Structures are given as structure tokens and as C-alpha cells.
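>>> Everything below, folded, please.
(2 chains)
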Amino acid sequence: MTTRKTLLIDRLATFVLALVLLAGGATAVWWWSGRSVDGRTLPTTSDTSTVADLVAKDWFGWTAAAVGVVIALVALRWIAAHLTPNTVSRLRLGSSDTTGRLEASASKVVGAAADAYADTLGVRSAKGSVVRDRGQLVARIDATIEPDSDLALLARRADEVSSQLLTVLERDDLRCSLRLKVAARGRTLPRAR
Amino acid sequence: MAELAPAAERGRTTIADKVVSRVASIAAAEMEAVVDTRSGWTKLVRKGLPHADAVVAGGTTRITVEVAATWPTPLSRLAAQVRDHVTSRVVDLTGTQVSRVDVTVADVVHLETAARRVV
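Purely as a prediction, here's the structure:
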């Protein structure tokens, strides 16, 4: 599950990487131009003797290995934070107690809500799922609509279906998100005789 | 006519897990908002919903029930009603004590027919 914490770390890491790239690029341009900034210029040749001395120290090997292990563990944890699926399979229902656990299949409940929404005039298809998005429990319905559909009607039906969904699940912590995608081509709708 | 020996000495009555499962499954199907998705061969092979599993041990029973509900029935109330009804029916019909009934709404069916364009 991608949590708020993971997203924050992602953003911080992206920001730090962008700063490093920006500083590296600016330094490379400075070095290439040979100009003086505040009376200082970059040397025309690089001297790696300091690095060579550092690498030659006795403690360097062990320290490098320890730092490598720590970095590898952090990397694995970071990858794992992104690989965990964020879909919710079961939802606990309110009346659960010691006499029995009451649950509902999250995908089936929101799938039925999507079916109800798909019955709206102008909606070609709809599917639903429940996900954990930044710590929030979100029922997500993705619908494909006809290019000439009535958006006001679709908005009203979205309110109705999300209201029904909250009645069905009776969970205050559930948020409903409905995303509409307009079909590339319209199609002839069935007509009543 | 000779007097019968006390019941405990005449034999032992054992209720099989399958019997309790079947009673629980039928009891769940008796609920109004529960949909019976079993039809044809799925009934024969005991697939589909409602479905129940029971474990009878030491005179008490633990039951797991899976049901399908109609949209838009409030599921919390429905599941609680199923739990209470199944408990009541199993106790009445089999005489075993029910320690726990776990209910899962495994499917939700939208029964209304699609409303389409009328010209």
C-alpha cells in the first residue's frame, strides 16, 4: 500500500535528486566555461589523491560494506512500499462482535455500485474497486461515458450511487471517487418502440 | 411394556458437520434480501451462494456463512440478521450450541434492469 509517508519520502527524494542534478549541471557548466565566481575558479585538472588516501585506510573496507548493506536494506524497504497492492479485498461491517465476524467483499459491493451507475443513460460501462489512497479508504468507480451524454444527469446519478454505497456499507471512513472517461467514438443506443 | 433405559445409556446422537452446514445454508437462504445464486448443476455440486461451513466440536458449533445480497441493502444489518437467524435455526433444528457465526457478504447483485434511451 502506498501510504502518505511513502509518498512524502518519494517527494523528498525527488526534490533532493533534482537539487543534486541541478547543482551537478551548474557545476559542469561553470567548469566548462572557466569563469570566475566570487573570485573562485574550478581547477582545470582533477586530483583524486585525497580519495586514494581515504580508500587506503584500514577501516574503509568495513565502513563501505556496512554503508552498502544499510543502503541495500533501505532500497528493498522502499521498493516493498511501492509493490504492496493498495486494493482492499474485505470490509468489516459494523455489527461484528464476539458472536461472529461480519464482512463484505469490497470489490463485489463497489462492483454492484458500478453496475447501478452503468444503468444510467449515457454510461457505456463502469467498474469499481476499493483502495487505500494516502491513508483513506476510497471506493473508486471508473466509468466510460458516451461523448454526447448529459453531464448534469451523470453528476446527479453519481451523487445518488455514492449515497447508496454509504447506506449499503454504513462506514463513515469510506470516501467515494467516481472517474469518468469519455469514449473515443459514440455508438448507437438502443431505442424503445 | 418394559421401561426404556435412560437416554444416555441407549446410544449417542451425533450431528455431522455437513448436516449443520446444510441447515445453516438453508437458513441463510430464507432471508429476504439474500439472493440464491445456485441453479442447475451448481446446486448439485453445492457451489454458489449462500454457502455455509460448520465445525462441530465438544457440543459447540462454529459456522462460516457466505451470502449474496441485493443492491442496495444495508449489509451490516443484513449480515447481523443472517447471523441471528442461522444461530436460531441451527440451535432449534440440531440442538447444538452455536459459539460463533461468521458472515461474509461475498457478492452483491444489482437486480434492476437497465434503463435505456427512450425516443
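>>> Please identify the buried residues of stretch A:118-133?
Neighbour counts over stretch A:118-133 (16 or more other CB atoms under 10 Å in any protein chain shown) mark A:118-124, A:126-133 as buried. C-beta: built from backbone N, CA, C; applies to glycine.
>>> In helices, which of those fall?
A:Ala118 (DSSP state H).
>>> The buried residues of stretch A:118-133: which ones sit near chain B?
Restricting these to those near chain B by CB under 8 Å from any CB of the partner chain leaves A:Ala118, A:Asp119, A:Thr120, A:Leu121.
>>> Skip the chain neighbours and tell me the closest residue to A:Leu42.
By the measure of CB to CB, 6 or more residues apart in numbering or on different chains, the closest residue to A:Leu42 outside its immediate chain neighbours is A:Trp31, 4.6 Å from it.
>>> And what about the one you found, helix, strand or coil?
helix (DSSP: H, G, I helix; E, B strand; the rest coil).
>>> My read is that it contacts A:Thr45, right?
No. Look at A:Trp31 against A:Thr45 with CB atoms under 8 Å: they stay out of range, at 11.0 Å.
>>> Neighbour count: those two, which is higher?
Between A:Trp31 and A:Thr45, A:Trp31 has the larger neighbour count (other CB atoms under 10 Å in any protein chain shown), namely 14 against 4.
>>> In terms of secondary structure, what does the one helix or strand A:Leu8 maps to contact?
Assigned by DSSP states H and E, A:Leu8 belongs to helix A:4-33. In terms of contacts (3 or more CB pairs under 8 Å, 6 or more residues apart in numbering or on different chains; DSSP states H and E), helix A:4-33 is packed against helix A:60-83.
>>> Name the residues of chain A found near chain B, please.
Counting by CB under 8 Å from any CB, the residues of chain A near chain B are A:90, A:93-95, A:98-105, A:108-109, A:111-113, A:115-116, A:118-121, A:164-165, A:167-170, A:189-192.
>>> Weed out the non-buried ones from these.
For those, buried by 16+ other CB under 10 Å: A:93-95, A:99-105, A:108-109, A:111-113, A:115-116, A:118-121, A:164-165, A:168-169.
>>> Let's see which of those residues end up in helices.
Per DSSP H, those map to helices at A:Lys108, A:Val109, A:Gly111, A:Ala112, A:Ala113, A:Asp115, A:Ala116, A:Ala118, A:Gln164, A:Leu165, A:Val168, A:Leu169.
>>> residues contacting the third one?
This points to A:Gly111. A:Lys127, A:Gly128, A:Ser129, B:Val108 (CB atoms under 8 Å, 6 or more residues apart in numbering or on different chains).
>>> which ones among those residues are found in strands?
Among those, DSSP state E puts A:Lys127, A:Gly128, A:Ser129, B:Val108 in strands.
>>> next structured bit after the helix holding A:Leu8?
helix A:49-56.
>>> CA atoms only for that following helix, dumped as CSV, please.
The C-alpha trace of helix A:49-56 is given here as CSV (Å, rounded to 0.1, in the frame of the first residue of the first chain):
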residue,chain,number,x,y,z
SER,A,49,44.8,11.7,-4.3
THR,A,50,42.6,12.5,-1.3
VAL,A,51,40.2,9.8,-2.4
ALA,A,52,43.0,7.3,-2.9
ASP,A,53,44.3,8.1,0.6
LEU,A,54,40.9,7.6,2.1
VAL,A,55,40.3,4.3,0.3
ALA,A,56,43.7,3.0,1.5
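>>> which outside residues touch that helix?
By CB under 8 Å, 6+ apart, the residues outside helix A:49-56 that reach it are A:Phe60.
>>> the inter-axis angle of it versus helix A:60-83?
Interaxial angle of helix A:49-56 relative to helix A:60-83 (axes from the mean of the first three to the mean of the last three CA atoms, to 10 degrees): 90 degrees.
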